[in-house]
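Visitor: This is a predicted model, with the sequence first.
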Amino acid sequence: MGGLGALSANDPAAAQFTRQRAAGPPAKPISRNDPVAFTADEVTYDRDHGLVTATGNVEAWQNDHVIRADRITFDRNTDVVAASGHVTMIEPDGQVLFSDYAELTQGMREGVLRQMSAILAQNGRLVANGARRTEGKVNELSRAVYSTCNLCAKDPSRAPLWQLRARDAVQDQENHRIEYRDAVLDIYGIPVGWLPYFWHVDPSVKRASGFLIPSYGHSKNIGEFLQTPYFWDIDQSSDVTFTPTFNTRQYLNVDSLYRRRFNDGTLSIDLGVGYDQNKPQAAIFANGQFAYNDTWRYGFDVNRASSSVYLRDYKFNNHADILASTVFVEGFGTGAYSRLDAQAFQGLVASIQQSRLPYVLPRYKYSYFGEPDAWGGRLSFDTENFNVIRSVGTNTQRLGATARWDRPFENALGQQYKFTVQATAAAYNASALDQNPNYAPITSASTARAQPNVALEVRWPFLREGWGRQVIEPIVQGIVGPYTGGLRRRDIPNEDSLDFELTDENLFMINKFPGIDRQEGGPRLNAGLHVNWTVGGMSFDNLVGQSYRTKESDTFPLGSGLEHRVSDVVTRTTFTPASWLDLTGRTRLDRRDLSLRFADVQGSTGFSHLRLSAGYLYSDVNPYFYYDTPTVPASYFTPRNQITMAATGNYDQYRFSAFARRDLALNKMVSAGVRATYENECLVLDANVSRRYTSLNGDTGSTLVLFQITFKTVGQFGFNAF
């Protein structure tokens with residue numbers, strides 16, 4: 001049985017016709033009654049026998065069906081067309097057939113072909129010793145070979161990387177599938193697998209109902225498992241994939257993914273139902289987004305599960321410690337944004353108490369940024385209002401807004417000024433204030449607060465040309481406003497200012513907190529020095545700064561670097577000496593002895609084919625624990641100290657990546673992994689090995705081993721263990 005050598009035929013005109021058909025209107029079906037037109041260098045007619053013979057660059061067509069050959073004979077008595085010599089048949093769907101000899105009848109609907117070969121979509125190639133065509137819809141093939149691999153340019157007779165060989169095959173053009181009987185898979189001409197029956201969709205089809213390639217694997221939690229997915233192409237705009245997972249320890253799990261595209265949006269529902277940890281389990285991940293018009297859209301994102309263990313055991317993509325669900329309506333205007341939503345959270349691990357997680361029912365946000373006014377300034381307005389409900393913890397209703405007016409200007413000396421007036425106002429109604437995350441000495445309060453601030457920022461850049469370009473820019477910002485209450489003020493709950501970190505990003509903000517529940521007040525001064533040096537392909541940029549206030553404030557958390565009159569020193573440095581190296585580092589240094597209190601350093605080096613990167617994170621406190629208890633726990637003062645390393649590479653058809661993360665404070669690995677991929681025009685090999693060393697839900701870490709081989713247009717085979 002031969003290989004794919006016959007597919008070396010190449011017809012530029014056929015390729016051009018294929019492109020034209022792909023962009024043109026739908027093709028007409030083959031008709032026995034429609035006339036057949038043709039052109040040729042020479043035409044002869046035998047009246048006695050009713051034979052029309054065309055020779056030399058012969059091309060005949062009926063509707064969008066085209067046949068070309070060196071010689072075509074048409075028998076008017078039998079309606080048989082015989083073509084010989086470099087026969088090329090171009091189908092309306094773009095498929096191109098080649099043959100040594102073709103005999104067609106019934107208006108090209110039926111016939112036989114000798115030494116047939118076909119060029120299909122996505123580089124698909126199909127050859128056979130012979131073919132019988134029926135009704136213009138089915139090609140029955142003898143000794144068929146299929147592959148998407150290119151032939152060797154130096155030796156086309158060599159076997160391709162892979163090919164499917166079959167004793168018999170059927171190309172069903174109506175149902176867009178190719179069926180094989182007694183099929184053998186060859187790798188470089190060596191048989192490696194056999195199936196008595198096998199089929200796959202035509203390469204031109206993007207979606208078709210049927211069973212997908214099964215996958216097999218092993219898990220320490222569910223044992224040996226087999227997945228046999230089935231894809232149902234419901235219609236042109238919707239489909240569903242059913243994936244049953246049979247395993248040896250937890251019986252059965254069924255995952256169904258439904259997708260639908262509407263004229264105004266999309267919908268996706270992923271539902272899993274199974275048996276795990278000796279009890280029924282389920283999970284649903286659904287999201288939809290729809291456009292009402294050019295300004296407004298609405299949607300939802302629902303994520304719920306019976307347990308984190310279930311998500312872990314069956315490797316759901318949405319595996320997380322906390323699942324968030326949202327419904328929303330939002331609108332976009334010129335310089336304006338509006339959103340109304342409701343949120344719910346589900347905790348899935350023992351360390352997270354569900355009763356302490358909030359429900360936000362509802363939340364409304366509006367943001368406006370105006371055009372320059374007659375005075376050269378710009379007005380902006382933001383409001384965020386919400387109702388937060390907890391089973392155990394503070395319940396908060398808030399109406400809050402911030403109005404701001406900025407007026408930039410500069411003088412003849414090059415000094416750049418920005419004058420800002422900002423006012424924030426909020427009204428609160430809160431209960432259970434004595435519980436998390438506030439732990440106030442009172443249980444409830446209804447109050448309102450307004451916080452005005454006036455700021456003036458001055459920048460004076462000095463520029464020097466010569467040996468590159470150097471910029472030295474002193475920055476000073478003075479802010480005046482009334483003093484605010486302490487961090488755990490008795491009557492004001494804290495919902496949006498829990499996460500705080502002093503860095504260069506918020507050094508020159510009027511309020512350094514991320515929200516408005518906590519406000520920075522009093523007279524204060526922010527100062528910094530910005531330096532930039534650029535020469536050739538080298539760039540160096542640095543900012544160092546500090547904040548000063550007239551008196552100490554307990555508005556900021558302990559260890560934040562802002563609780564004293566003089567803040568810690570913050571820096572940001574970016575250094576790129578050449579395209580093969582870049583470094584970025586942010587630090588916070590103690591105001592007294594400049595000892596390190598926070599560091600976030602990222603760097604990478606290498607070239608286009610190989611890139612190495614590393615990161616370092618250090619903090620002398622862990623803000624995650626600050627609001628867990630009424631008093632600051634000892635765990636808050638436990639430093640974070642981690643290093644990460646990664647590498648990515650690519651060369652020709654190969655890709656490689658690796659990563660590792662280590663906790664230096666605990667002196668143990670957190671995670672590590674490596675992945676390698678090979679891909680060419682017809683094959684993808686993907687190997688992935690990763691290890692998690694941390695404990696989760698009672699386990700002591702896990703290892704993932706994944707190997708997949710993809711024969712393009714045919715299917716994907718793989719094995720995974722975790």
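Guide: Received the coordinates, thanks. Keep in mind that this is a model prediction, so the values were computed, not measured.
Visitor: L529 against F462, yeah?
Guide: No: counting by CB atoms under 8 Å, L529 does not reach F462; the two are 11.0 Å apart. Just so you know, the C-beta spots here come from the backbone N, C-alpha and C atoms, and that holds for glycine as well.
Visitor: helix/strand/coil for the spatially most central residue of the chain?
Guide: In the chain, the C-alpha nearest the mean C-alpha coordinate belongs to N317, at 11.8 Å (CA atoms, centre = their mean). State at N317, reduced to three classes by DSSP: H, G, I helix; E, B strand; the rest coil: coil.
Visitor: How much space separates it from S268?
Guide: Going from N317 to S268 by CB to CB, to the nearest Å gives 12 Å.
Visitor: same check, this time on R390
Guide: Distance of R390 to S268, given as CB to CB: 30 Å.
Visitor: Looking at the two, which one has more neighbours?
Guide: R390 (18 against 15; other CB atoms under 10 Å).
Visitor: so who does that one touch?
Guide: Taking CB atoms under 8 Å, 6 or more residues apart in numbering as the criterion, R390 is in contact with 355-359, 432, 435-436.
Visitor: looking at those residues, which has the most residues close by?
Guide: P358 leads the contacts of R390 on contacts (other CB under 10 Å) with 20 neighbours.
Visitor: Could you check how many residues crowd around the nearest residue to T39 once chain neighbours are set aside?
Guide: Sequence neighbours aside, E59 is the residue nearest to T39 in space, at 5.3 Å (criterion: CB to CB, 6 or more residues apart in numbering). Neighbourhood size, E59 [other CB under 10 Å]: 17.
Visitor: Go ahead and confirm E59 touches R68.
Guide: Yes: contact status for E59 versus R68: in contact at 4.9 Å, counting by CB under 8 Å.
Visitor: Look at F717 and give its secondary structure.
Guide: Applying three-state DSSP: F717 is strand.
Visitor: okay, now it: neighbour count?
Guide: 15.
Visitor: Identify each buried residue in stretch 201-212, please.
Guide: For stretch 201-212, a neighbour-count test (16 or more other CB atoms under 10 Å) marks 201-204 as buried.
Visitor: what's the answer for stretch 416-434, then?
Guide: Applying a neighbour-count criterion of 16+ other CB under 10 Å, one finds 418, 420-422, 424-426, 428-433 buried in stretch 416-434.
Visitor: what's the closest of those to D100?
Guide: K418 (80.5 Å; CB to CB).
Visitor: export the helix or strand harbouring that closest one as PDB, just CAs?
Guide: Assigned by DSSP states H and E, K418 falls within strand 416-431. Taking C-alpha atoms only, strand 416-431 is exported to PDB below (Å, rounded to 0.1, in the frame of the first residue of the first chain):
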ATOM      1  CA  GLN A 416       4.900  72.200  36.300                       C
ATOM      2  CA  TYR A 417       2.000  72.700  38.800                       C
ATOM      3  CA  LYS A 418      -1.200  70.800  39.400                       C
ATOM      4  CA  PHE A 419      -3.800  72.400  41.700                       C
ATOM      5  CA  THR A 420      -6.400  70.000  43.100                       C
ATOM      6  CA  VAL A 421      -9.500  70.400  45.100                       C
ATOM      7  CA  GLN A 422     -11.100  67.100  46.300                       C
ATOM      8  CA  ALA A 423     -14.000  66.400  48.500                       C
ATOM      9  CA  THR A 424     -15.200  63.000  49.700                       C
ATOM     10  CA  ALA A 425     -18.500  62.500  51.500                       C
ATOM     11  CA  ALA A 426     -20.100  59.300  52.800                       C
ATOM     12  CA  ALA A 427     -23.100  58.300  54.900                       C
ATOM     13  CA  TYR A 428     -23.200  55.000  56.800                       C
ATOM     14  CA  ASN A 429     -25.600  52.700  58.600                       C
ATOM     15  CA  ALA A 430     -23.900  49.700  60.200                       C
ATOM     16  CA  SER A 431     -24.700  46.900  62.600                       C
END
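Visitor: which other helices and strands contact that strand?
Guide: On a contact count with 3 or more CB pairs under 8 Å, 6 or more residues apart in numbering; DSSP states H and E, strand 416-431 meets strand 395-410, strand 444-459.
Visitor: what angle sits between the first one and strand 416-431?
Guide: Here strand 395-410 runs at 170 degrees with respect to strand 416-431, directions being taken by axes from the mean of the first three to the mean of the last three CA atoms, to 10 degrees.
Visitor: Return the distance of stretch 80-89 from the chain's centre.
Guide: How far stretch 80-89 lies from its chain's middle: 49 Å, per CA atoms, centre = their mean, to the nearest Å.
Visitor: Could you check how far R363 is from V327?
Guide: R363 is 11 Å from V327, by CB to CB.
Visitor: between these two, what contacts are shared?
Guide: Common contacts of R363 and V327 (CB under 8 Å, 6+ apart): 341-342.
Visitor: returning to what we had before: determine which of the helices and strands packed on strand 416-431 approaches S497 most closely.
Guide: For those, the distance to S497 is smallest for strand 395-410, at 11.4 Å, taking CB to CB.
Visitor: Now for E91, how many residues are close by?
Guide: 20.
Visitor: Confirm for me that it is in contact with H65.
Guide: Yes: E91 sits in contact with H65 when judged by CB under 8 Å, with a separation of 6.7 Å.
Visitor: between those two, what contacts are shared?
Guide: Counting by CB under 8 Å, 6+ apart, nothing touches both E91 and H65.
Visitor: picking that back up, need the contact partners of the helix or strand harbouring the residue nearest to T39.
Guide: Assigned by DSSP H and E, E59 belongs to strand 51-62. Strand 51-62 is contacted from outside by 30-31, 34-46, 66-76, 81, 83, 107-108, using CB under 8 Å, 6+ apart.
Visitor: Can you go through those residues and name the buried ones?
Guide: Applying 16+ other CB under 10 Å to the contacts of strand 51-62 flags 30, 36, 38, 40, 66-74, 81, 83, 107-108 as buried.
Visitor: Show only the entries of those residues found in strands.
Guide: 38, 66-74, 81, 83 (DSSP state E).
Visitor: Can you tell me which one of those residues sits lowest on pLDDT?
Guide: The lowest pLDDT within these belongs to F38, with 80.
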